[in-house]
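Give me the fold of what follows.
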Amino acid sequence: MNPSYEDFVDQTFSKRYRQLELDIMRDIVRRIKKTSEITSSADWQIMRLTIMGNSSEEIRNMIKEAGELSENDMQKLFNDVIEKEYTRSADLYKEVGANFVPYEKNTEMQQLTQALITQSNNELKSITGTMGFMLDYGDGQGLRFTPHTEIFDDYLNSAVMGIASGAFDYNTMIRKVVTQMTNSGLRTVDYASGRHDRVDVAARRAVLTGLSQLTGRITDTNAAALNTDHFEVAWHAGARPTHQEWQGRVWSKKELVDVCGLGSVTGLLGANCYHDYYPFIPGVSERMYSDEWLDQMNREENTPKIFKGKEYTAYEARQHQRYIERCMRAQREKVELLKEGGADKDEVMLARCKYQAQLDEYKRFSKVMKLPEQRERIYYDMKGRVAPPRDVYQQYLAEQAEKRRRIQTEADKHKERAEEGRRADMRGNIPSFKGDFQNYKDPKRVYTLAERQMMAEDADEIVSQFTNRESKWSGKVVYEFDNPYAKLLNCDISLAPDATLDIAMHENLHSRSISHCPGEYSKHEASEEASVQLMTELICREIGITPEPSAYQGWTDHLKEINKKAELYEVEDDFVKDLFEVDPTERYKWLYKKVHDKIDVSATIQEQAEIGLLLQEFEPKDDV
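Below you'll find the model as predicted:
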């Protein structure tokens, strides 16, 4: 995709829909501000119609205006694409003596272009017709999509009633509403699939999809006229790994489909793909990039750079940079809306300090990764300086550093005391083993079926010291070649000859967990395997053996990270034990509620978003 098209889309469509998002949120906050003097539920019922008034109509007018401007820009953008792309291969026509038909005389291409413009405009109308926010009503059901037409009747009505009843003050309410709206952003939902996206992202994708289809058809038309079946794919820095393999090279049309994934959502011209392809005539055309140069660039881009202990390839660095920019845009919105809503001055200043901290992080990250800063992606609102005075910000940084030091010191002390107490208790509770405990520590040991039976019985006895959950184990050990380490559906445990005690304990824990919920494993696999493995590792530490490397390391690390980032438990082992005791089908809900009850509303957008992404990994899967 020509970078100039992307820039145009970002500076017109994406920017316009971000502005629409901010305008709608401002309208909501202005109406909330009018409720700040309400002192009773009766007053609210009397004033409700006056305050909310014609809010839906005003928002409809905002949406209509954004749509009308977008239709004009859509025509301009597609005209620009035709001008640049349609004539791109004109020189090749001359070289091979083919007849080039100007666009003005190509009625088929004109009809196609107009059809794609109409398709893209209709897609934008569909997006704006299903807009709303992901909001938490405080009823224990978590976030749910609320159409903008229902914001005033449902969500804000319950919020204002909370003030009127004395449940919380105005400043707390405005902070909560602003935080939830900026965390969510204005979203559009596909009711059939349940998928929801931020409106600016959905609008950008709709426009670029139409552009990709147009450039693809232009290329195919030119290739047919030039009588060639070969194409050169464009190259750009920081391509995703699966695209890096084929970008910049020459392929046949069949290979564009088979190798590059043309026509698929994740392949060439698919979602968020910035590549185009152009007619290439072997023996006539000259390649833009040699294979040697492409291989060298791939090596350089795949060599990770380190920032704050984490490695980033070129692609990962670009993705993270976009993520920080989104967080900063949301934080700027938050500052603006808190001001609009008349929030406490200290609350506004805190939001400004958090924005400056994000900006500093953005500068440091971009410098280390050698990426150009793209601040135009941040300053779309044209509101100028949001950062706080320097002396206030320095004081904020000092307070944050002291807070982190104090929390870490206290956590270390608490953990040390807890570890000492638990290990003292365990020394008197380890059972006498039926098998040879010293052999259990030998990872190279091979066991007979009878020895594995004793190992499983020892594992059952050990695990019973750490959990109150009832074991569903049949009491029998077998060996299934296709399932060498597994708790089987009939609750037998399969152990291969090279099994270890930690594997036996892992499968025993499954018998106390998911075995109580037949048919639910596939739906809750991530939370089940992660919680069982964390419990296995905890027990291994207590009895003094080293567990085998786990295939579920990613999931267990992310559970630990959720606990740490959300500060759920000071002692990680307490978190592991409590999580395991929860019914397997309820673990995600338990974790979600714990996180959202614990996270302070003053947490940064970035912190909340990071935890949200980690939580998504443990959402129950659809029926499989």
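
from memory Tyr485 sits against Ala496, does it?
Yes. With contact defined as CB atoms under 8 Å, Tyr485 counts as touching Ala496 (6.4 Å). Where you see a C-beta, it was placed from the backbone N, CA and C, and this is true even at glycine.

Overlap in contacts, these two.
Counting by CB atoms under 8 Å, 6 or more residues apart in numbering, Tyr485 and Ala496 have no common neighbour.

hmm, which helix or strand of the chain has the shakiest average pLDDT?
Least confident helix or strand, the chain: helix 41-52 with a mean of 49, by mean pLDDT, DSSP states H and E.

tell me the domain ranges of the chain?
According to automatic domain parsing, the chain comprises the domains 3-227, 231-291, 310-388, 437-616.

From Ser471, how far off is Ala456?
Applying CB to CB, to the nearest Å, the value for Ala456 to Ser471 is 11 Å.

Could you tell me which residues touch both of these two?
Common contacts of Ala456 and Ser471, defined by CB under 8 Å, 6+ apart, comprise Asn508.

Those two: who's more crowded?
Taking neighbours as other CB atoms under 10 Å, Ala456 and Ser471 compare with Ala456 leading, 27 against 18.

which residues touch that one?
Trp473, Val477, Ile493, Leu495, Ala504, Glu507, Asn508 are the contacts of Ala456 under CB under 8 Å, 6+ apart.

7 Å instead?
By CB atoms under 7 Å, 6 or more residues apart in numbering, the contact set of Ala456 is Val477, Ile493, Leu495, Ala504.

In helices, which of those residues fall?
Cross-referencing the contacts of Ala456 against helices under DSSP state H gives Ala504.

Columns distance to Val532 on top of the contacts of Ala456, output as JSON lines?
As requested, the contacts of Ala456 are exported to JSON lines (distance: CB to CB, whole Å):
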{"residue": "Val477", "distance to Val532": "18"}
{"residue": "Ile493", "distance to Val532": "13"}
{"residue": "Leu495", "distance to Val532": "16"}
{"residue": "Ala504", "distance to Val532": "12"}
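
Looking at the contacts of Ala456, which is nearest Ala357?
Nearest to Ala357 among the contacts of Ala456 is Ala504, at 48.0 Å by CB to CB.

Quick check: pLDDT value at that closest one.
pLDDT, Ala504: 92.

show me what contacts it?
With CB under 7 Å, 6+ apart, Ala504 has these contacts: Met455, Ala456, Ala459, Leu495.

Excluding covalently adjacent residues, which one is nearest to it?
Ala459 (3.8 Å; CB to CB, 6 or more residues apart in numbering).

buried stuff in the helix or strand that contains that neighbour?
Assessed by DSSP states H and E, Ala459 sits inside helix 449-464. Residues of helix 449-464 classed as buried by neighbour count (16 or more other CB atoms under 10 Å): Glu451, Arg452, Gln453, Met454, Met455, Ala456, Glu457, Asp458, Ala459, Asp460, Ile462, Val463.

before we move on, what about stretch 553-573?
Residues of stretch 553-573 classed as buried by neighbour count (16+ other CB under 10 Å): 555-556, 558-560, 562-563, 565-566, 568-573.

Also stretch 478-487?
In stretch 478-487, counting by 16+ other CB under 10 Å, buried: Val478, Tyr479, Tyr485, Ala486, Lys487.

swap in stretch 389-400?
Tyr393, Tyr396.

thinking again about what came up before, with respect to Gln394, which of the domains of the chain lies nearest?
Here domain 310-388 is closest among the domains of the chain (CB to CB), at 9.6 Å.

residues in contact with Leu262?
Leu256, Leu268, Leu269.

which among those residues gets closest to Glu525?
Leu268 (32.1 Å).

what helix or strand does the closest one sit in?
Per DSSP H and E: nothing holds Leu268, as it lies in no helix or strand.

Same check on Ser471?
Element membership for Ser471, per DSSP H and E: none, as it lies in no helix or strand.

repeat for Glu529
helix 525-543.

which residues are contacting that helix?
Residues outside helix 525-543 that contact it (CB under 7 Å, 6+ apart) are 422-423, 426, 430, 462-463, 466, 502, 505-506, 509-510, 513-514, 521, 546-547, 550, 552, 555-556, 559, 573, 576, 579-580, 584, 587-588, 617-618.

Try it again at 6 Å.
With contact meaning CB atoms under 6 Å, 6 or more residues apart in numbering, helix 525-543 is reached by 426, 430, 466, 502, 505-506, 509-510, 514, 547, 550, 552, 555-556, 559, 573, 576, 579-580, 584, 587-588, 617-618.

now those: which count as buried?
Buried among these (16+ other CB under 10 Å): 426, 466, 502, 505-506, 509-510, 514, 547, 550, 552, 555-556, 559, 573, 576, 579-580, 584, 587-588, 618.

The stretch 101-250 of the chain: helices as residue ranges?
Under the criterion DSSP state H, counting those that start in this stretch, helices of the stretch 101-250 of the chain are mapped to 107-128, 156-164, 170-184, 199-226, 241-244.

Comparing those helices, which yields the minimum mean pLDDT?
helix 156-164 (a mean of 60).

remind me which residues of the stretch 1-150 of the chain are low pLDDT?
Applying pLDDT under 70 to the stretch 1-150 of the chain flags the ranges 1-70, 82-83, 86, 126-130, 132, 135-144, 146-150.
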